[in-house]
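> model the following, please.
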Amino acid sequence: MRTLRYYGPVSYISLFVLVFLVPVTLHAHGFGVSYEENKDGYLVDIGYDPEIFTTDSRALFDFTLYYEGTEEDVEYSDVWLRINQGTRVIFAGGIHSPEFGTAGILYTFPEEGEYAISVRFQNMGEALTEVTFPVTVILGEKTSPFNATSVIVGLVGVLSGVFVTFIATRRRRT
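Below you'll find the model as predicted:
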């Protein structure tokens, strides 16, 4: 009779990460749309999702910089992001460029209206290029923080934890 080999909980966690999480990070912005602009010899590509911004949903932004014409990735250390509503600064801060994947942010707009999003790519303190693009945010529905997506993600997390715990303790019993 053939028996299954047990490699420990770390190998199962690693397998989970490889199968479910790495494909998401390798695909720059497979969901949503993007704003692209050629400037200073670069192609700035800002992916965002959802396509229509509302006050009740989070917006995902990711930031990629290419050399113009070649679409070869440009290395940068961080992105400086500023979100204005008219003359009022709503958000300003730096986003570090990760070792793998793209720099990104999850943001919820506080109110409806017209916004300007300014993105400056920097490498070790030196500004490479900066672009600004307009965004319109509409009033969303007031919803409970316990929506279907939150419940599903929570259940997947709990079930994954139970599974990993079961596998880890199973070895100790035999």
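
> all helices for this protein, in order.
Counting by DSSP state H, the chain has helices at residues 9-16, 22-26, 148-173.

> lowest average confidence, helix or strand, in the chain?
Least confident helix or strand, the chain: helix 22-26 with a mean of 43, by mean pLDDT, DSSP states H and E.

> sorry, back to before: pick out the shakiest of the helices of the chain, pLDDT-wise.
Within the helices of the chain, the stretch with the lowest mean pLDDT is helix 22-26, showing a mean of 43.

> spit out the contact partners of P50.
If you count contacts by C-beta atoms under 8 Å, 6 or more residues apart in numbering, P50 has them with 32, 57, 59. Where you see a C-beta, it was placed from the backbone N, CA and C, and this is true even at glycine.

> of the residues you listed, just the buried ones, ChimeraX syntax please.
Restricted to buried positions by 16 or more other C-beta atoms under 10 Å, the ChimeraX selection for these reads:
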select :57,59
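
> which ones are touching the spatially closest residue to T55 that is not a sequence neighbour?
Once flanking residues are discounted, T55 sits nearest to G140: 4.6 Å by C-beta to C-beta, 6 or more residues apart in numbering. By C-beta under 8 Å, 6+ apart, G140 lies in contact with 54-57.

> can I get those residues in a markdown table with pLDDT and distance to G93?
Listed next are the contacts of G140 as a markdown table, based on pLDDT from 0 to 100; distance: C-beta to C-beta, whole Å:
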| residue | pLDDT | distance to G93 |
| --- | --- | --- |
| T54 | 96 | 22 |
| T55 | 94 | 20 |
| D56 | 89 | 23 |
| S57 | 91 | 21 |
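
> which among those end up buried?
For these, buried by 16+ other C-beta under 10 Å: 54-55, 57.

> which of those residues fall in strands?
T54 (DSSP state E).

> which strand is the longest one in this protein?
Longest strand in the chain, counting residues (DSSP E): strand 126-138.

> could you find the closest non-adjacent residue to L139?
Counting by C-beta to C-beta, 6+ apart, the residue nearest L139 is E112, at 4.4 Å.

> find me the pLDDT at that neighbour, would you?
Looking at E112, its pLDDT stands at 95.

> what's the nearest residue to the residue nearest to the spatial centre of the chain if we skip its chain neighbours?
A centroid search over the chain (C-alpha atoms, centre = their mean) returns G104, at 4.6 Å, as the residue closest to the centre. For G104, the nearest residue in space outside its immediate sequence neighbours is D62; the separation is 3.8 Å by C-beta to C-beta, 6+ apart.
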